[in-house]
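Participant: Kindly generate the corresponding structure for this input.
(one chain, ligands or ions: 2)
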Amino acid sequence: MLQRDNKLHKSLNNRHFLDISGLDKTDLRTIIDTAHSLKKAGPEKKAYIMPTVNPMTTLAMIFEKSSTRTRISFDMAMRHLGGQTMVLNSSDLQLGRGETIEDTARVMSRFVDIIMIRTGSHEKLLSLAKNADIPVINGLTDFSHPCQILADILTYEEHRGSVKGKVISWVGDGNNMTNSWIQAAAKFGFELRLACPPEFSCDGVVLEKARSEGAKIITTTDPKQAVKDADCIMTDTWVSMGDKDAELRHKILAPYQVNKKLMALAANTAIFMHCLPAHRGEEVTADVIDGVQSVVFDEAENRMHIQKTILAWCLGKI
Ligand code: CP
Ligand code: NVA
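Facilitator: Numbering: from 1, shown residues only. Ligands and ions are numbered 1, 2, ... in the order given. Down below sits the predicted model:
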């Protein structure tokens, strides 16, 4: 079985899920629309009507950083598909003692069918993918968080319909989340507005590439300008995993808090999203994140639905 699956992956030219920029618009749309249909079709909140995998098909998850949502939602997604999971903290692996990522990729390809990795270094993710004979999924790096952004688009669309032509506004730190949103703007036809302080602005190279591919992106340092009449307001922690300058970040990002006053400038129908974990009273006030416009727990749930179809796509099942 494992042998047959590995051949299948090769024939699919290894369907890695590394970054939104590297994926076809049609594949991205298939992943989101299938997740949406599976979620709607399922009894209550769990969808059991879905593409299935052989019961021996195994997802290995490598974590070099903490996780609640990614860890649990991938685990449940693979169980719903009918396969198995294995959680590996890097300190449990020889990787944590200096074995190369290249050798880790080659060895793991002999045992499991698909790998998800959460790591700081994007280069490590790319080396893993380059040297693996099986699909590799980006579960967050310091550079990007593509699974989250597809879950976010699914969440927006289930609440408000197609994201095409809508205004999505980001207020706060320019980080791994903004890189993936910028890449998504080039694929999904929404207007992206980014309000970040100059000290923590978005990646210029990623911006330039997305704009050259037709993305409509407005950058500003003024949160009010970014959220005016917007359809969706988003933010993220001021201190991402691995960031060292917490005190400075809090000081510089304080004017970028999403609060009721800022939300009032958005469209009446605007929703609030946050990838979580959140820090109430810092990047967002409690009345916003726990208020009627917030869809953050649907967003968290949708990690599971979208990852089910990301896994199915990587394994050639959709
Ligand atoms: N949003 C997200 O990726 O959450 P975790 O860090 O808990 O996985
Ligand atoms: N930007 C955050 C996202 C957490 C899901 C981080 O990297 O810590």
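Participant: got the residues of this structure near ligand 1?
Facilitator: When proximity is defined as Cβ under 6 Å from any ligand atom, the chain approaches ligand 1 at 67, 68, 69, 70, 140, 148, 275, 276. (C-beta placed from N, C-alpha, C; glycine too.)
Participant: same thing but 5 Å
Facilitator: Taking Cβ under 5 Å from any ligand atom as the criterion, the neighbours of ligand 1 within the chain are 67, 68, 69, 70, 275.
Participant: Between these, which sits nearest residue 158?
Facilitator: Distance to residue 158, by Cβ to Cβ, is smallest for residue 275 among those, at 16.5 Å.
Participant: ok, the closest one - contacts?
Facilitator: Residue 275 sits next to 69, 145, 148, 152, 177, 236, 299 when contact means Cβ atoms under 8 Å, 6 or more residues apart in numbering.
Participant: Past the helix or strand containing the fourth one, which element shows up next along the chain?
Facilitator: Using DSSP states H and E, the element containing residue 152 is helix 146-160. Under the assignment DSSP H and E, the closest C-terminal helix or strand after helix 146-160 is strand 167-171.
Participant: Partner strands of that next one, with direction?
Facilitator: strand 191-195 (parallel), strand 232-235 (parallel) (DSSP bridges).
Participant: From the centroid of this protein, which residue is nearest?
Facilitator: Taking Cα atoms, centre = their mean, the centroid of the chain lies closest to residue 148, which sits 2.1 Å from it.
Participant: What pLDDT does the model give the nearest residue to that one once chain neighbours are set aside?
Facilitator: Once flanking residues are discounted, residue 148 sits nearest to residue 275: 4.9 Å by Cβ to Cβ, 6 or more residues apart in numbering. Model confidence at residue 275, given as pLDDT, is 98.
Participant: How about the one 3 residues further on?
Facilitator: Per-residue confidence for residue 278 comes out at a pLDDT of 98.
Participant: State the distance from it to residue 288.
Facilitator: 10 Å (Cβ to Cβ, to the nearest Å).
Participant: Run through the residues that contact residue 210.
Facilitator: 21, 182, 183, 185, 186, 217.
Participant: which one of these sits closest to residue 195?
Facilitator: For those, with residue 195 as the reference and Cβ to Cβ as the criterion, the closest is residue 217, at 11.9 Å.
Participant: Could you look up the SS state of the closest one?
Facilitator: strand (DSSP: H, G, I helix; E, B strand; the rest coil).
Participant: still on that earlier bit, okay, and which of the contacts of residue 210 map to strands?
Facilitator: residue 217 (DSSP state E).
Participant: quick one: which of the contacts of residue 210 is nearest to ligand 1?
Facilitator: residue 183 (16.7 Å; Cβ to the nearest ligand atom).
Participant: re earlier: quick one, which of residue 278 and residue 288 is more surrounded?
Facilitator: residue 288 (24 against 19; other Cβ atoms under 10 Å).
Participant: Good, wrapping up.
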